[in-house]
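In: give me a model of this one.
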Amino acid sequence: MSAAEIRRRYLFLLVLRWFPVGLIVPVLVLLPLERGLTVAEIGLAAAMQGVVVLVLELPTGGLSDSWGRRPVLLVGSCVALGATALFVVADSLALFAASYLLQGIYRALDSGPLESWYVDSALAADPSVRLDRGLSAGGTALGLGIAGGALVTGGLVAWVEVPGVPTLVLPVLLILVVQLCGLLAIVLLVHEPPHPAGRRRFLGSVREVPRVVGEGVRLVRASRVLVCLLLVEAFWGFGVVTYETLMPVRLAEQLGDRSTAAVLTGPANSVAWLVSAAGAALVPLLTARIGTAVTGLVLCLVQGAAVGAMGLLAGPAGVLAGFLAAYLVHGAANPVHMTLLHEQVSGAHRTTVVSMNSMLFQAFAALGMVVLTGLVTGASTGTAMLVGGLVMAAAAPLYLPARARRRQQVAV
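Out: Predicted coordinates for the structure are as follows:
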């Protein structure tokens, strides 16, 4: 199988993975509210997902490296189907919490194996393949998938009626169909070479997880480049709260009306993911001109400036311009960062290191949520956004060790 064919399969699987996310976002809070939960109860149920992901992130990354990408993807897809099916029928806090718990298990299992499969398979087919092109195309597919799903849900809720089926349930039923297609696609499209130790048995692979995780941690500790790249992810996680959570608050302040801000936020989010897809598509042009590490450095600075602009610029137009600029950089920054990360690890520990990256992001996003929302209360939304932007920009020099390592490799 050629590197081009592997890339096509990867992009198709990514669309199937992220299209359901776009479908669920518009009704994620509305459906539980319609079934009697309060906003506080929804937050409590949703917190279950975050806790589970944080606990299982590293072990499932190690499991992917020891057992294989394909079986972990298959198990994760089955868990996702269970989580969505439960969400369809849930009518109490306990059932919604159980759905979120399963969703957390799925998110942990899904964190890294598909991308690791693509990188390992593409490098095996062509050791000279440019990973940034495939990963940037993946970022474009992700953005288009989420934006497309959100638009489809809007159409379903507005124009489609099925007798006996509540309107808000229709997108969730479509998610089940798409997830089933995704499961079948993994069965048909994801193939791995035989494991060096022979047939991969589940229990034996589970026993290998602590060793694989330990080796991954030691690998990171021994590499200045990896430590710096993981710190970039931590800084990014802290600041991402500004445009993912605080933007509607800032927009409402500028408009002087929360209802109008809510009306504008939905379309703005859809446009933002389209802009994010465009940002990812620009990555190969940038990296070919100035290099991957320098591109990452520049994007950190631009993203910090965009977030700071959301806090400093007056008027709703200024807030929305900064918001879209932040998502443009968001789409470009991720494939650049992941390209540099994958270059530092081999297939034996690839998903473990990717899981460390994701775990740091989530931990510092939680910290950013506490600190920055506290600043909103204690100072102002603009101040919180300015602080978040400064933290994101401060990560820029952490790409310099990766640049130095690349120069050394070219010299050799």
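In: which non-adjacent residue is nearest residue 97?
Out: residue 45 (4.3 Å; CB to CB, 6 or more residues apart in numbering). No exception for glycine: its C-beta is placed from N, CA and C like everyone else's.
In: actually residue 395, not the one I typed
Out: residue 235 (3.7 Å).
In: what do you get for residue 134?
Out: Spatial nearest neighbour of residue 134, excluding adjacent residues (CB to CB, 6+ apart): residue 7 at 4.9 Å.
In: okay, now the domains of the protein?
Out: Residue ranges for the domains of the chain, per automatic domain parsing: 1-192+202-211, 223-412.
In: quick check: which of those domains is nearest to residue 217?
Out: With respect to residue 217, and counting by CB to CB, the nearest of the domains of the chain is domain 223-412 at 7.6 Å.
In: and that closest one, how far out from the chain's middle?
Out: 12 Å (CA atoms, centre = their mean, to the nearest Å).
In: switch to numbering from 10
Out: Shifting the count to begin at 10 puts that one at domain 232-421.
In: same question for that domain, mean pLDDT?
Out: Domain 232-421 shows a mean pLDDT of 87.
In: phi first, then psi, for residue 44.
Out: Main-chain dihedrals, residue 44, degrees, to the nearest 10: phi -100, psi 10.
In: tell me the secondary structure of the nearest residue to it once chain neighbours are set aside, please.
Out: Spatial nearest neighbour of residue 44, excluding adjacent residues (CB to CB, 6+ apart): residue 100 at 4.9 Å. Assigned by DSSP: H, G, I helix; E, B strand; the rest coil, the conformation of residue 100 is coil.
In: so how many other residues sit close to residue 100?
Out: Neighbour count of residue 100, defined by other CB atoms under 10 Å: 12.
In: check what pLDDT it gets.
Out: So, for residue 100, pLDDT stands at 92.
In: residue most distant from the centroid, the protein?
Out: In the chain, the residue that sits farthest from the middle, by CA atoms, centre = their mean, is residue 172; the gap is 35.7 Å.
In: got the residue ranges for the helices in the stretch 160-309 of the chain?
Out: 179-198, 211-230, 233-253, 256-264, 267-290, 292-299, 301-321 (DSSP state H, counting those that start in this stretch).
In: give the next helix or strand downstream of the last one.
Out: Next in sequence after helix 301-321, counting helices and strands by DSSP states H and E, comes helix 325-352.
In: what's that following helix packed up against?
Out: helix 140-168, helix 233-253, helix 256-264, helix 267-290, helix 292-299, helix 301-321, helix 359-387 (3 or more CB pairs under 8 Å, 6 or more residues apart in numbering; DSSP states H and E).
In: for the second one, packing partners?
Out: Okay, so that is helix 233-253. Against helix 233-253 (3+ CB pairs under 8 Å, 6+ apart) you get helix 211-230, helix 301-321, helix 325-352, helix 359-387, helix 390-403, helix 409-420.
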